[in-house]
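Asker: Provide a 3D model corresponding to the input given below.
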Amino acid sequence: MNKNYKYLIIILLILTSLIAFGSIIGNDFINFDDNVYITENNYIKAGLNLETIKWTFSAVVSSNWHPLTLLSHALDWSLFGANAGGHHLVSLLWHIGSAILLFLFLSKTTGSLWPSAFVAALYALHPLRVESVAWASERKDVLSMFLGLASIYAYAYYVESSKLSKYYISLMFFALSLLAKPMLVTLPFVFLLLDYWPLGRWQKSFQPQLLPVVSDGALAKKKVKQRGADSTEEKVVALPLINRAKIIRSLLWEKLPFVFLAIVSCMVTIWAQSKGGAVASLDQLPLIDRMLNAIVSYIQYLMKIFWPVNLAIFYPYRQFLPLWQVFGAASILLGISISVIYAIKKAPFLFVGWFWYLGTLVPVIGLMQVGKQSIADRYTYFPSIGIAIMLVWSVVYLLPKVRLRKIIIVAAAIILVALTFLTWQQCGYWKNSVSLFSQTLQVTKDNYLAHNNLGRALSAEGENDEAIGHYREAIAINPSYVDPHYNLADTFVKQNKLDQAIEHLREAVRITPSFAALNNLGVNLERQLKHEEAIYYYRKALLIEPKNPGIHFNLGVAFGNKGELKEAAEHFRQAINLKPDYGEARQALKLAQGLEKRQ
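Answerer: Got it, this is the predicted structure:
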């Protein structure tokens, strides 16, 4: 009967998840990261082939190194092409698989079927999951989570049987999870928590045991039922210190391979994000500001878990926080931490769930600030499991099982129905870029990124005047934000307003002198026949990207228009050397050489 219930719960998890998230199959890609990862990525659009496979293990995309995720995107493109619905469906299937693995793990290790089912349902249906599931670029989230939970499930089998094969399977899934996304580097820490509850491995070293002893104090070889003079009786006998140390040492040592993989993953991640310029320096964002934001963020995530409304794809960083918020948040965190430690023996699930939440958020809590967001809904994907465990098992622990069972079932059903509705509603906002960023502007303040991306979406639909208004609003909110200057320049070029386009490109170069900004400025100066100034900016771009064939080609064009054909031919040759199939450069070289001969 218990087995039949398991199958029923799995079927319900699948059906309810399809109801909550099914509408995303009709959603489009969005213009935030989806273009970088998928729609404008030529390697991904080439499909799964040998060249793409080699690229995935060397590429840093959007300041991240996650080859398994890139392979997943390439496979999706091979199967579905530009049909966004297929990509979204695959992400949803990975998410459903994670919910099933979470249920199987908890039911196996706790023996509590329905509490395990409710935790899995909370995880599967919560609106905070929408960002991870409905955003095609966040395939890394759902793929990494599935593999991480597979590692946890395999770990439970290893603890049960002590077979090394199960251990290696768990280690393998952990390694694959890190190749999808490094979010789960905290998994060795989670294993140590699970060793306490529900696996109960730490207790063997800390708690005395009931052992049979004979009257002279020696350990008996066999229990005797009679209570005679020579009979045995059970007494509390503390384990020798040497045995305790051995148990603790074995628990720690078996985590070392996992810790090693986590350290390697952290090093690679820091390298990739530093290379991509995504890591904020201490000059840009002092450590004290990061710590204060982290404290407040822990409470903000808790509030979103319990009241998941007004969710957004991007929450701007708040550099100046009121002291009352910081002290209030710190007091709540400290109070809960002390309480769960105090109740660790009677309610170990509170300790495990709380420190699961605190510990797994550490990589993304902002102490090492990556990106411009203060918090992100997707960051709760793994940590929120700890809070769900605390909530569900507290109800089981505190309320009588029989008397209030019907009330608990009704309350649970109402909660899940409400979450399903909110998730379905949130999925609707992800229909396309216009609806997503319009909704984001409604629920957040001073959201310069949302203004910029909404402007891009409107511009793609031909609404250039409205787009320009959003670009200008983004600049007004954050004058150092370079993207709207690029986009304004692009829009003004379409309208043949070169002076205004050049003005914004100059500002973009002042803010961030990237090779793209320098090159684009050169292109538009060349359109105004300002050859010398265009050449100046092309040369500056080459200092940043010396092996970029496009910049060499543009330099060749500028020299050619200026009449310096020898220099033009030299840059066309360099463009061809860097890109042998550069047909346009070959034609330009022939033309330059022909004109040079005539001269």
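Asker: so how far is whichever strand or helix holds residue 557 off the chain centroid?
Answerer: Taking DSSP states H and E as the criterion, residue 557 maps to helix 549-562. Taking CA atoms, centre = their mean, to the nearest Å, one finds helix 549-562 lying 41 Å from the centre of the chain it belongs to.
Asker: For it, which outside residues touch it?
Answerer: 515, 519, 522-523, 526, 529, 531-532, 534-535, 538-539, 541-542, 545, 565, 567-572, 574-576, 578-579, 582, 584-585, 588-589, 591-592, 595 (CB atoms under 8 Å, 6 or more residues apart in numbering). To be clear about C-beta, it is placed using only N, CA and C from the backbone, and glycine gets the same treatment.
Asker: What's the PyMOL line that selects buried ones from those?
Answerer: A single PyMOL command is used to select the members of the contacts of helix 549-562 judged buried by 16 or more other CB atoms under 10 Å:
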select buried, resi 515+519+522+523+526+531+534+535+538+541+542+545+565+567+568+569+570+571+572+574+575+576+578+579+582+585+588+589+592
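Asker: can you tell me which of the contacts of helix 549-562 are in helices?
Answerer: 515, 519, 522-523, 526, 531-532, 534-535, 538-539, 541-542, 565, 567-572, 574-576, 578, 584-585, 588-589, 591-592, 595 (DSSP state H).
Asker: any idea how far the nearest residue to residue 532 once chain neighbours are set aside lies from residue 274?
Answerer: Nearest residue to residue 532, sequence neighbours excluded (CB to CB, 6 or more residues apart in numbering): residue 562, at 7.5 Å. Noted for residue 562: a distance of 39 Å to residue 274, by CB to CB, to the nearest Å.
Asker: From the neighbour counts alone, determine which of these two ranks first.
Answerer: Shown here are residue 562 and residue 274; by other CB atoms under 10 Å, residue 562 has more neighbours (16 against 13).
Asker: Flag the shaky bits of the stretch 351-500 of the chain, pLDDT-wise.
Answerer: For the stretch 351-500 of the chain, the stretches with pLDDT under 70 are 369-371, 400-404.
Asker: what angle separates the helix holding residue 557 from helix 565-578?
Answerer: 160 degrees (axes from the mean of the first three to the mean of the last three CA atoms, to 10 degrees).
Asker: all helices of the stretch 251-400 of the chain, in order?
Answerer: Along the stretch 251-400 of the chain, the stretches classed as helices by DSSP state H, counting those that start in this stretch are 256-275, 287-306, 323-342, 348-360, 384-398.
Asker: okay, those in JSON lines with distance to residue 483 next?
Answerer: Formatted as JSON lines, the helices of the stretch 251-400 of the chain follow (distance: least, CB to CB, whole Å):
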{"stretch": "helix 256-275", "distance to residue 483": "19"}
{"stretch": "helix 287-306", "distance to residue 483": "23"}
{"stretch": "helix 323-342", "distance to residue 483": "29"}
{"stretch": "helix 348-360", "distance to residue 483": "31"}
{"stretch": "helix 384-398", "distance to residue 483": "31"}
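Asker: among the ones you listed, which is nearest residue 98?
Answerer: helix 384-398 (9.8 Å; CB to CB).
Asker: The next helix or strand after that closest one packs against which elements?
Answerer: Next helix or strand after helix 384-398 toward the C-terminus (DSSP H and E): helix 405-429. Counting contacts by 3 or more CB pairs under 8 Å, 6 or more residues apart in numbering; DSSP states H and E, helix 405-429 is packed against helix 2-21, helix 113-125, helix 130-134, helix 433-443.
Asker: how many other residues sit next to the residue nearest to residue 539 when sequence neighbours are not counted?
Answerer: Once flanking residues are discounted, residue 539 sits nearest to residue 555: 7.4 Å by CB to CB, 6+ apart. Around residue 555 there are 26 other residues, counting by other CB under 10 Å.
Asker: Could you measure from residue 555 over to residue 72?
Answerer: 39 Å.
Asker: Looks like residue 289 contacts residue 319 (just checking).
Answerer: Yes: contact status for residue 289 versus residue 319: in contact at 5.8 Å, counting by CB atoms under 8 Å.
Asker: Show me which of those two is the more surrounded one.
Answerer: residue 289 (19 against 13).
Asker: wait, what's in contact with the more buried one?
Answerer: With CB under 8 Å, 6+ apart, residue 289 has these contacts: residue 319.
Asker: Let me see the contact set for the residue nearest the centre of the chain.
Answerer: The centroid of the chain falls nearest to residue 141 when counting by CA atoms, centre = their mean (4.9 Å). Residue 141 is in contact with 132, 181, 183, 378, 381, counting by CB under 8 Å, 6+ apart.
Asker: And the spatially closest residue to it that is not a sequence neighbour, how far from residue 330?
Answerer: In space, and not counting its chain neighbours, residue 141 is closest to residue 132: 3.9 Å by CB to CB, 6+ apart. Using CB to CB, residue 132 is found at 28 Å from residue 330.
Asker: and the two? which has more neighbours close in?
Answerer: Between residue 132 and residue 330, residue 132 has the larger neighbour count (other CB under 10 Å), namely 25 against 15.
Asker: That one against residue 138, yeah?
Answerer: Yes: counting by CB under 8 Å, residue 138 is a contact partner of residue 132 at 4.9 Å.
Asker: Residues in contact with both of the two, list them for me.
Answerer: 91, 378.
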